[in-house]
Structures are given as structure tokens and as C-alpha cells.
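# starting from these lines, generate the structure:
(one chain, ligands or ions: 1)
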Amino acid sequence: MSKALLCCCEDVTASEVEHAIEKGYRDIESVKRFTGFGTGMCQGKQCLTAVARLLESKAKTKPSQLMPFTPRPPLFPTELSLWASASFDPAVAPGGGVPESIGLTENALKPEAPVPSKAKIVIIGGGILGLSLAWNLAQRGETDIVVLEKGYLCAGASGRNGGGVRMQWGTPTLITLAQRSIELMKRFARDMGINVWFRQGGYLFLAKSEAVVSKLERAAQLHNKHGVPTQILTPDAAREVVPELTMTGVKAAAWNPLDGVIFPWPFLWGYATAAQKKGVKVETFTKVIGFEQSQHRIKKVITDRGDIECETVVLAGGAWSPAIAALAGVDLPNEPHRHEICSTEPLKPFLGPLVSVLDSGLYFSQSMRGEIVGGMGDAREPAGMNLGSTQRFLTRYSQALTEQMPQVGRVKILRQWSGPYDVTPDNSPILGRTPGLPNLIQLSGFVGHGFMMAPAVTERMAAWMATNESDELFERFTLSRFEEGRMEREDMIIG
Ligand SMILES: Cc1cc2nc3c(=O)[nH]c(=O)nc-3n(C[C@H](O)[C@H](O)[C@H](O)COP(=O)(O)OP(=O)(O)OC[C@H]3O[C@@H](n4cnc5c(N)ncnc54)[C@H](O)[C@@H]3O)c2cc1C
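Okay, here's the model as predicted:
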């Protein structure tokens, strides 16, 4: 065991990196996420080379595969107040920003061996939806499954989100699904043997307009009907929940102490590892590039590592789903929309709930590592797959955050990134069989809440797939609803 420190910012030792390699993390992005190396003040400037050397010697990762991890702006830790003092033109659309151009390429780590030539079920997308479905199916005894992921695990939205989990929704379906997800999250560490840092600190929604006050009031009545103890608070009462908040412009708040946050990465790995232990094959760095079809069925999934003959295909490609569906001639109405997010240096624990201003889309919470993690939607963000990071976001976010909590003005932002929301016309997911191609099952369109819905939705989907018994969830949320003009609108969306 080597106690030699490789990452001085985050206290990561050589033996911790070796442990990650032993557990199967063989690319630099995954080792970074598993150990935390390179996520501190210096952003890997001091430790990256040493970790790369260990990967080369212990994991036999070739030098050509050892790309540096994606650098995260800002270049230097910079105070929120400084970002807040910058100006931007609110009328101008955000633009590309600093792209994720350097770092891991999909091809660099492609395994040489071909994929299995046959599987009963192929799941496309190794995000939280695909992996939790794989695990739930395996729990029911269905293990002849291959999950295909074009990058490393956590490369998609599931590795880029805020980890917020809430029962405060505007429709009975999402309320009850979230209640079930939270039940499953509470016992996840015990069931799966991995610490997911789940913390029920509550969600505090702030409303700055009468329209949002009415929305929160309506929703609170619905929550209470379903056993969720949401209360509408005056601004003064909301300050008792989070004393550091100014109530500038706030008219009312909604508070549910049972909501919470979870650390996305171990949650995803927990499902992946447990599924693999049951026999599911998870093929990373493997891209789906086409389908072979006959008689209205998919016969084979074509990948850049060979073809897989299968009975059923599940499309869980998140915001990439429309592009993948198009390869099968299926038109999905989802659109990817970039959402930016950032993290500060760690502080002592002081902030219990996740706080969100529903009017502007600002949200922030304190992670179990002490960082303030937060983001803010941007109505001007055009549709499109863009994983760049902008200064406009840091300025808008810092202005909104320091208005609500001026004490954090001296706190430094360490890193920013972005991920794709997978947006449908009614903000509800697309689930169930594809009209005209019944062995293609849809599991996408989760907008900004797929992480918290995954445990409950995929538990039900696995039961539905394994038993063939009908479940209204997979009839109500089918793709055909858009053609039928039947919207399932959800409007408690942040950002
Ligand atoms: C900034 C941000 C904050 C968010 N905050 C929250 C939150 O607080 N709470 C919450 O519940 N949700 C949140 N979300 C939403 C949540 O992250 C997503 O809804 C969820 O992760 C979607 O999971 P998924 O499995 O559908 O997609 P993904 O995690 O995106 O997985 C899809 C995978 O498919 C892979 N793929 C794509 N094309 C191919 C191909 N051709 N072949 C093989 N694989 C392919 C991708 O690499 C990707 O890994 C947030 C999202 C963002 C961007």
C-alpha cells in the first residue's frame, strides 16, 4: 500500500488510484471520478501526469489512450462576486462557449474484442436509465442483457447533474414515482454496498411572482393529498429554514423536508456493478451506428465493435435518443438543450436544503464534500447538442446566487461544466413500445429529472417487460401520444 500523495488538493494517494484500477476503472475520466483526483483547487495540474503513469504501468493503458481529462473552466478559482460584477447582454443567445474538445475520445479506448454476437435484450445508453433498467431486469432473473455505452460511464447527463431528488411535482404520477425513488435511494447503500451520500435536507422553492406562488400553492395541495408534507411558507418563515437567504423579491416559498440530494456518480456505478455481478454485460466505448430490421422488427443492433442479434432493444440514450432513433427510421420529438452547472470550493456544512428560485431557474445545494453545486436555466439557450461552458452562465448564476445569499460572494468557483436536458414537448418522458416497431422500447425524454425518476420508472419497466402484464405508465406515456395530440404536461420544471 503506497500512502504517497498524488493529489494534494483532495488527498488522493497512489494506493487509492491503484484500488480504482483494480476495480476496473481504466480510463482517466473514470479514475478521476472514482478517486476525486484533479477535482480540487489545482484542477489536476499537479497530479494528472502521476496518475497517467500509474494507469500505464498498472492498467496497461496505452500512452495513446491516456488523454488528459477534460479541462474545466474557469482557469483559476475565481470569487462569485467577481463573476457577478461582469456584464453580459441578456438579449444575446449564449453561443458555444469553451467546448469539451480536449480529453477522452470515444475511439481511443475502444476494446479490440468484438461485442457478444447475441443477446436477448440490448439496452442502448449506459446512463442511469439504461443501467438501472438492466439491474432491475437482472433482479427478476433476466441476465442475457448487453448495455452499450459510447463513452465512459457517467459521460452523459447522468454524470453531469445536480443530484436533486424531490417529491414536489405538479402531477400525481411524478409525485408518486419520486416517493418510490426516494424509498429506494434510502436503502441503496445497504442494498448495493456503495455509499451514495444521500441526504434528505429538503427542497425550498422560492416564488417571486404571483403566477409562481399560485403554482406552488396548487402543487402543495396535490402533494398533501399524496402524503407529501409540503408547506407554503411566508418569506420570514422560509428564512428560518435557511437563515443565510435574503428574501429579495420573494413572495412565498414551498418547503418539503423529505426531498434531498444524492451523489450521481456512485449511484450510477452502484447499478452498473450490481448488474454486472448478476451477469449483465456493460460494454463501454461502444457506439451504436445502425440497426438491421425486417418485418417491422429490429433483428440486429449494429455497433462499431460488431453486430448483436437480439429480441428486444431498449433506447435509453438520453438526449442522444432522437439521433439513435433516426438510425431505425423513428422520429422522436425530444430536443437536447444544454444546461450549465458549477461547483465552488468546499465550505463547512451550513446549507441543509436545495434552494431553487422557480421564476429564474436558479438552484443550489451543498454537497456532502461541502461544495456549493448549482445551476440556472437560460431561456435563450437554443436547442442542440452542445456541451460547452460559457462565461455568460457564470455571470448570470453568480448574480442570482449572490442576490439570494450575499455571504457566499467571497467563495470561489472551482469548475463548471454542462450537460444536455432531454426535452419533450410536454416535459414528460417517452416510454413503452414504438408504433410500427414494437420490439424497440422507448425510455427517454426525462428533461431535467431523469436521475430521480430512474429507480422507480425502471423498477416498473422491468416488471412490465418481464411479466407482459399491462401497466398504464407505458400506455399513457407512449410516443404515439404526440400524434394523437394527447399531452401529459408537467410544469414544475427548474430552468
Ligand atoms: C446540468 C443538469 C442538471 C440536472 N439536475 C438533475 C437533478 O438535480 N435531478 C435529476 O433527477 N435530474 C437532473 N438532471 C437530469 C438527469 O441528469 C437526466 O434526466 C438523466 O441523467 C438522464 O439519464 P439517461 O440515462 O436518460 O441519459 P444519459 O445519462 O445522458 O445517458 C445516455 C447515454 O447514452 C450514451 N449514448 C449516446 N449515443 C450513443 C450511441 N450511439 N451508442 C451508445 N451509447 C450512446 C451517452 O454517452 C450517454 O452516456 C440534470 C441534467 C443536467 C444536464
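# OK, contacts around the most centrally placed residue in the chain?
A centroid search over the chain (CA atoms, centre = their mean) returns Ser158, at 2.7 Å, as the residue closest to the centre. Neighbouring residues of Ser158 by CB atoms under 8 Å, 6 or more residues apart in numbering: 127-129, 264, 268, 318, 450-451. To be clear about C-beta, it is placed using only N, CA and C from the backbone, and glycine gets the same treatment.
# kindly report the same for Gly162.
Residues in contact with Gly162, defined by CB under 8 Å, 6+ apart, are 261, 341, 354, 363, 365, 373-375.
# switch to 10 Å and redo it
Shown in contact with Gly162 (CB atoms under 10 Å, 6 or more residues apart in numbering): 261-262, 264, 339, 341, 343, 354, 356, 363-365, 367, 373-375, 419, 448, 451, 494-495.
# ok so Trp320 is a helix residue?
Yes - assigned with DSSP: H, G, I helix; E, B strand; the rest coil, Trp320 falls within a helix.
# mind pulling up the pLDDT for the residue of the stretch 1-150 of the chain found nearest the ligand?
Distances between the stretch 1-150 of the chain and the ligand by CB to the nearest ligand atom are smallest at Gly127, namely 2.2 Å. On pLDDT, Gly127 comes in at 98.
# Thr105 too?
What the model reports for Thr105 is a pLDDT of 61.
# going forward, count from 51.
Got it, first residue is 51 now, which makes that one Thr155.
# which of the contacts of Ser208 sits closest to His69?
Nearest to His69, judged by CB to CB, of the contacts of Ser208 is Leu318 at 18.6 Å.
# average pLDDT across the helix or strand where that closest one lies?
In this structure, Leu318 sits in helix 314-327 according to DSSP states H and E. The predicted model gives helix 314-327 an average pLDDT of 97.
# ranges for the strands of the stretch 201-350 of the chain?
With strands called from DSSP state E, counting those that start in this stretch, the stretch 201-350 of the chain shows them at 214-215, 253-257, 281-283, 302-306, 310-311, 331-333, 338-344, 347-353.
# now swap in the stretch 351-500 of the chain and tell me
Counting by DSSP E, counting those that start in this stretch, the segments of the stretch 351-500 of the chain that form strands are 356-365, 385-394, 404-407, 412-416, 422-426, 462-473, 480-484, 487-494.
# and these: which comes nearest the ligand?
Closest to the ligand of the strands of the stretch 351-500 of the chain is strand 462-473 (CB to the nearest ligand atom; 2.8 Å).
# what about that closest one and the ligand, touching?
Yes - applying CB under 6 Å from any ligand atom, one finds strand 462-473 touching the ligand at 469-471.
# just send the residues you listed back as TSV, with neighbour count and pLDDT too.
Output for the residues of strand 462-473 next to the ligand, formatted as TSV (neighbours: other CB atoms under 10 Å; pLDDT from 0 to 100):
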residue	neighbour count	pLDDT
Gly469	24	96
Pro470	21	96
Tyr471	25	97
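# returning to that earlier point: can you say which of the contacts of Gly212 are buried?
Neighbour counting by 16 or more other CB atoms under 10 Å classes 311-312, 314, 389, 391, 393, 404, 406, 413-415, 417, 423-425, 469, 498, 501, 544-545 among those as buried.
# so which elements touch the helix holding Leu318?
helix 78-85, helix 178-189, strand 195-198, helix 238-242, strand 331-333, helix 500-517 (3 or more CB pairs under 10 Å, 6 or more residues apart in numbering; DSSP states H and E).
# which residue, other than its chain neighbours, is closest to the residue in the stretch 401-545 of the chain positioned nearest to the ligand?
Nearest to the ligand in the stretch 401-545 of the chain, going by CB to the nearest ligand atom, is Gly500, at a distance of 2.3 Å. The shortest distance from Gly500 to any residue other than its chain neighbours is 6.0 Å, reached at Leu179 (CB to CB, 6 or more residues apart in numbering).
# ok, that neighbour - contacts?
Contacts of Leu179 were listed using CB under 10 Å, 6+ apart, and they are 173, 206-208, 321, 364-368, 371, 472, 479, 493-494, 496, 500-501, 503-504, 507-508, 511.
# now with 7 Å, please.
366, 493, 496, 500, 504, 508 (CB atoms under 7 Å, 6 or more residues apart in numbering).
# and what of Gly340?
Gly340 neighbours (CB under 7 Å, 6+ apart): 352, 377.
# and for Leu397?
Contacts of Leu397 by CB under 7 Å, 6+ apart are 420, 422, 461.
# mind checking how far it is from the ligand?
For Leu397, the distance to the ligand equals 20 Å [CB to the nearest ligand atom, to the nearest Å].
# any idea how far Ile374 is from Asn384?
11 Å (CB to CB, to the nearest Å).
# same question for Val363.
For Val363 relative to Asn384 (CB to CB), the value is 17 Å.
# repeat that for Ser231.
The value you get for Ser231 to Asn384, if CB to CB is used, is 21 Å.
# repeat that for Lys73.
Separation of Lys73 from Asn384 (CB to CB): 34 Å.
# who has more neighbours out of the two?
When neighbours are counted by other CB atoms under 10 Å, Lys73 and Asn384 differ, and Asn384 comes out ahead with 27 against 13.
# quick one, what contacts the more buried one?
Contacts for Asn384 (CB under 7 Å, 6+ apart) come out as 369, 371-372, 472-474, 480, 494-495.
# run through the helices of the stretch 101-250 of the chain in chain order.
All helices of the stretch 101-250 of the chain, identified by DSSP state H, counting those that start in this stretch, fall at 130-135, 178-189, 222-236, 238-242.
# out of the ones you listed, deepest packed?
Compared across the helices of the stretch 101-250 of the chain, helix 178-189 shows the largest average neighbour count, a mean of 27 (mean count of other CB atoms under 10 Å).
# tilt between it and helix 314-327?
30 degrees (axes from the mean of the first three to the mean of the last three CA atoms, to 10 degrees).
# got the residues of the stretch 201-350 of the chain near the ligand?
201, 205-208, 210-214, 337-338.
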